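Trainee: Show me the folded form of this:
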Amino acid sequence: MTMQPLENPGVTTVRVAPTADLRPDERLAVRELLDTAFDGSFDDHDWDHTLGGLHLTVTRSGRPVAHGAVVQRRLLHDGRSLRCGYVEAVAVHPRWRGQGLAAAVMTEAERLIDGGYEMGALSASEKGHGLYLSRGWVVWEGPTAVLAPGGVIRTPDDDGSTLVRPAPGLSLTGTLTCDWRDGDVW
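Mentor: Residues are numbered from 1 along each chain as shown. Got it, this is the predicted structure:
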């Protein structure tokens with residue numbers, strides 16, 4: 001579903017579009033937003049993790065000023081493979097921060113996750129932690145790991161920064177294992 005953004009700065013409309021529906025100039029504009037918003041710490045692996053799912057964008061004057069993505073991943077927990085809506089690249093241009101745009105993007109991300117996945121997950125930066133906790137996301141209480149090409153490997157640096165939007169009845173303890181990918185695995 002693609003909603004055309006309104007140009008009225010007082011109205012926040014979140015456009016939802018699969019990567020395949022973004023024109024090359026739109027992809028470039030989103031990447032430029034992410035590079036700016038993350039102050040140069042958004043690399044090619046981070047960009048790759050953002051692609052292939054649904055992009056959630058807010059525009060002003062035809063340019064994206066806020067973005068997030070929901071991509072499908074597989075998480076392993078308690079002998080199950082869970083279909084997860086994984087949130088990537090939530091960012092707001094510095095000029096537009098403090099106006100509720102990240103919350104608008106997350107509202108749409110949560111709607112997509114709740115309607116299409118068994119659970120949601122994300123890896124939160126220190127700056128973003130409060131936003132997600134205030135929206136009901138919870139810190140994964142157990143250890144984290146990755147199913148790497150050589151087998152399951154613990155990811156202790158991701159303990160505490162992995163947040164979930166759990167399915168009813170999902171225990172928040174025990175090891176949560178993500179699927180492998182290049183760059184940051186969580």
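
Trainee: biggest strand in this protein by residues?
Mentor: Secondary structure of the chain per DSSP state E: the longest strand is strand 63-77.

Trainee: Now do it: distance to the chain's middle.
Mentor: 3 Å (Cα atoms, centre = their mean, to the nearest Å).

Trainee: Quick one: find the helix or strand in this structure with the lowest mean pLDDT.
Mentor: helix 126-134 (a mean of 93; mean pLDDT, DSSP states H and E).

Trainee: Show me the strands paired with the next helix or strand after that one, marking each as parallel or antiparallel.
Mentor: Later in the chain than helix 126-134, the nearest helix or strand by DSSP states H and E is strand 138-139. If you go by DSSP bridges, strand 138-139 pairs up with strand 162-165 (antiparallel).

Trainee: neighbouring strands for the host helix or strand of Arg83, and are they parallel or not?
Mentor: Using DSSP H and E, Arg83 sits in strand 80-92. Strand 80-92 has its sheet partners listed here by DSSP bridges as strand 63-77 (antiparallel), strand 119-123 (parallel).

Trainee: ok, Pro64 touching Arg31?
Mentor: No: with contact defined as Cβ atoms under 8 Å, Pro64 does not count as touching Arg31 (9.7 Å). Bear in mind the C-beta positions are built from the backbone N, C-alpha and C, glycine included.

Trainee: how about low-confidence regions in this structure?
Mentor: 1-11 (pLDDT under 70).

Trainee: by contact count, what packs against the longest helix seen in it?
Mentor: Ranked by residue count under DSSP state H, the longest helix found in the chain is helix 101-116. Here helix 101-116 touches strand 54-60, strand 63-77, strand 80-92, strand 119-123, helix 126-134, strand 162-165, going by 3 or more Cβ pairs under 8 Å, 6 or more residues apart in numbering; DSSP states H and E.

Trainee: Report the distance from the fourth one to the chain centre.
Mentor: In other words, strand 119-123. That offset, for strand 119-123, works out to 7 Å (Cα atoms, centre = their mean).

Trainee: so can I have TSV of the helices and strands packed on helix 101-116 showing mean neighbour count?
Mentor: TSV is the format used below for the helices and strands packed on helix 101-116 (neighbours: other Cβ atoms under 10 Å):
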stretch	mean neighbour count
strand 54-60	23
strand 63-77	21
strand 80-92	21
strand 119-123	22
helix 126-134	13
strand 162-165	22
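
Trainee: So which of those is nearest Gly151?
Mentor: Ranking these by proximity to Gly151 (Cβ to Cβ) places strand 63-77 first, at 12.2 Å.

Trainee: angle of the closest one against strand 54-60?
Mentor: Interaxial angle, strand 63-77 versus strand 54-60 (axes from the mean of the first three to the mean of the last three Cα atoms, to 10 degrees): 160 degrees.
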